[in-house]
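Q: fold the stuff below for me.
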Amino acid sequence: MAEKERNERDWKEYDEFWTMFKIGGGSGEAVLVKDFVALMERNKVVAVDYIADQYGLCRDIVIKRIKVIEEEGHINGVYDDQGQFIHLTTDEMAEVVDIVRREGRIMLEKLACEFSRIQQMKVGDF
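A: Numbers count the residues shown, from 1 in each chain. Have a look, this model is predicted:
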């Protein structure tokens, strides 16, 4: 019995590991995680539902995959109240931290305005 449980656990870990490298596409093709990350980096603000549609996945799976990819350090970001993932570079994250440290307690609306300013500066740099 212990061997069967160990075997099942090993297969589950294998599946979880494999999903880090492949994301099933709607037409059955494999999409590398780097392509998944590139979509978020390129668009900066991406609706989770849009990602789910692009890769033929359900919304919950996309959220879990983003969380794992974030935990592994491939991307940084936050979710807004409309279900969008907002990609942040390390520099942008540092700017947000500096704002919060400088301001102390900060209203969410003001933080959102500052974040928009940071994003617009980055877009204007190109």
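Q: in whichever strand or helix holds Glu70, what counts as buried?
A: Element membership for Glu70 (DSSP states H and E) is helix 59-71. For helix 59-71, the neighbour count (16 or more other Cβ atoms under 10 Å) marks 61-63, 65-66, 69 as buried. (C-beta placed from N, C-alpha, C; glycine too.)
Q: can you lay out those as a markdown table showing distance to Arg117 and pLDDT?
A: What follows is the buried residues of helix 59-71, written out as a markdown table (distance: Cβ to Cβ, whole Å; pLDDT from 0 to 100):
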| residue | distance to Arg117 | pLDDT |
| --- | --- | --- |
| Ile61 | 33 | 84 |
| Val62 | 28 | 85 |
| Ile63 | 27 | 87 |
| Arg65 | 30 | 84 |
| Ile66 | 25 | 88 |
| Ile69 | 27 | 85 |
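Q: distance to Tyr79 for those - can I get that in TSV?
A: Output for the buried residues of helix 59-71, formatted as TSV (distance: Cβ to Cβ, whole Å):
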residue	distance to Tyr79
Ile61	15
Val62	11
Ile63	8
Arg65	14
Ile66	9
Ile69	14
